[in-house]
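A.B. asks: I'd like to go over a predicted model; first the sequence, then the structure.
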Amino acid sequence: APRPVTRAWEWLVPVGLVITLFAGFVVAQASAMWGGHDYVREVTGLSYAEYVHQGFGQLTVATALTLATIALTVRKAPRDTARQRLLLRGALGLLGVLTLVVVASALFRMAVYQQAYGYTVLRVLVDAFELWLGLVVVMVLVAGIRWSGSWLPRAALASGAAILLVIGMANPEAWVARQNIERYEETGKIDTAYLSTLGPDAVPAITEGLPADLTRCVLGDEPPPSPDDLLSW
């Protein structure tokens with residue numbers, strides 16, 4: 001059972017330090033978070049891949065730190081009075097909102113990367129994972145508003161499974177092929193080497209969307225055979 005502390009400052013000081021850390025990070029990284037193409041090319045000296053990897057790492061660490069802080073705080077903070085509950089909701093709610101800013105930054109970085117180099121299945125999966133982390137944080141905030149979190153672990157697991165199911169049913173390889181073809185129509189740029197690695201699910205989108213010469217470049221003379229091993233099934 002939880003063993004709360006007796007005075008508010010005993011939990012508020014460490015939580016306040018975490019909030020201050022997050023707020024300082026968001027302010028210090030504002031230009032990096034939202035700078036886009038110009039910032040990456042002219043200021044950071046980073047490649048687009050490094051820019052995205054930093055955002056993903058920051059998001060993962062921020063989410064883990066947020067969930068650990070909230071889990072510990074709700075066990076230690078007293079909440080017998082309305083004032084104590086309001087203080088707890090306010091502090092942890094602010095921490096959750098700052099974490100959502102980091103989620104938005106990571107998604108923005110990936111969007112910049114995709115604008116520069118196109119879509120891949122892996123990048124789509126990373127987007128989905130980042131969105132799921134953001135959804136988990138939102139559910140934690142909802143649990144704080146409702147003052148009930150017993151449903152939270154099951155909801156987090158179910159939402160992750162649902163996202164994976166939706167991705168599988170949406171035919172991600174075909175979707176990625178169509179997005180890259182649309183990008184080719186707008187910019188004239190296309191990564192045929194990557195498209196050639198996509199499986200049979202992408203073949204109809206490629207044959208319908210690309211000119212014949214590019215289709216031959218991607219698929220060769222014959223479409224790739226359908227894999228029939230256990231992992232593909």
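C.D. replies: Cool, the structure landed. Residues are numbered from 1 along each chain as shown.
A.B. asks: below-threshold pLDDT in this structure: ranges please.
C.D. replies: Within the chain, the stretches with pLDDT under 70 are 1-2, 32-36, 38, 41-45, 221-229, 231-233.
A.B. asks: from the chain's centroid, how far away is the lengthiest helix in it?
C.D. replies: Ranked by residue count, the top helix of the chain under DSSP state H comes out as helix 82-117. Mean C-alpha position of helix 82-117 versus that of the full chain (CA atoms, centre = their mean, to the nearest Å) differs by 11 Å.
A.B. asks: show me what that helix is packed up against.
C.D. replies: Using 3 or more CB pairs under 8 Å, 6 or more residues apart in numbering; DSSP states H and E, the elements in contact with helix 82-117 are helix 8-28, helix 30-34, helix 36-39, helix 48-76, helix 121-146. Where you see a C-beta, it was placed from the backbone N, CA and C, and this is true even at glycine.
A.B. asks: with V136 as the reference, measure out to the residue nearest the centre of the chain.
C.D. replies: When CA atoms, centre = their mean is applied to the chain, the residue found nearest the centroid is E130 (1.2 Å). E130 sits 11 Å away from V136, taking CB to CB, to the nearest Å as the criterion.
A.B. asks: and the longest helix of the chain, what's buried?
C.D. replies: Buried positions in helix 82-117, judged by neighbour count with 16 or more other CB atoms under 10 Å: 87-88, 91-92, 95-96, 98-103, 105-107, 109-110, 112-114, 116-117.
A.B. asks: now do stretch 168-175
C.D. replies: P172, E173, A174, W175.
A.B. asks: number of residues surrounding the residue lying closest to the third one once chain neighbours are set aside?
C.D. replies: The spatial neighbour of A174 that comes closest, neighbours along the chain excluded (CB to CB, 6 or more residues apart in numbering), is A205 at 4.7 Å. When neighbours are defined as other CB atoms under 10 Å, A205 has 21 of them.
A.B. asks: and A205, how far from V61?
C.D. replies: 37 Å.
A.B. asks: now swap in G220 and tell me
C.D. replies: According to CB to CB, G220 and V61 sit 43 Å apart.
A.B. asks: using PDB, write out every CA atom in stretch 102-121.
C.D. replies: What follows is stretch 102-121, C-alpha atoms only, in PDB (Å, rounded to 0.1, in the frame of the first residue of the first chain):
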ATOM      1  CA  VAL A 102       8.800  16.500 -26.600                       C
ATOM      2  CA  VAL A 103       6.500  14.000 -28.400                       C
ATOM      3  CA  ALA A 104       5.400  16.600 -30.800                       C
ATOM      4  CA  SER A 105       9.000  17.600 -31.400                       C
ATOM      5  CA  ALA A 106      10.000  14.000 -32.200                       C
ATOM      6  CA  LEU A 107       7.100  13.700 -34.700                       C
ATOM      7  CA  PHE A 108       8.100  17.000 -36.300                       C
ATOM      8  CA  ARG A 109      11.700  15.800 -36.700                       C
ATOM      9  CA  MET A 110      10.500  12.700 -38.400                       C
ATOM     10  CA  ALA A 111       8.300  14.700 -40.700                       C
ATOM     11  CA  VAL A 112      11.300  16.800 -41.700                       C
ATOM     12  CA  TYR A 113      13.300  13.700 -42.400                       C
ATOM     13  CA  GLN A 114      10.500  12.200 -44.600                       C
ATOM     14  CA  GLN A 115      10.200  15.400 -46.500                       C
ATOM     15  CA  ALA A 116      13.900  15.300 -47.300                       C
ATOM     16  CA  TYR A 117      14.300  11.600 -48.100                       C
ATOM     17  CA  GLY A 118      10.800  10.000 -48.400                       C
ATOM     18  CA  TYR A 119       9.000   7.300 -46.600                       C
ATOM     19  CA  THR A 120      10.100   3.900 -45.400                       C
ATOM     20  CA  VAL A 121       8.200   1.200 -43.500                       C
END
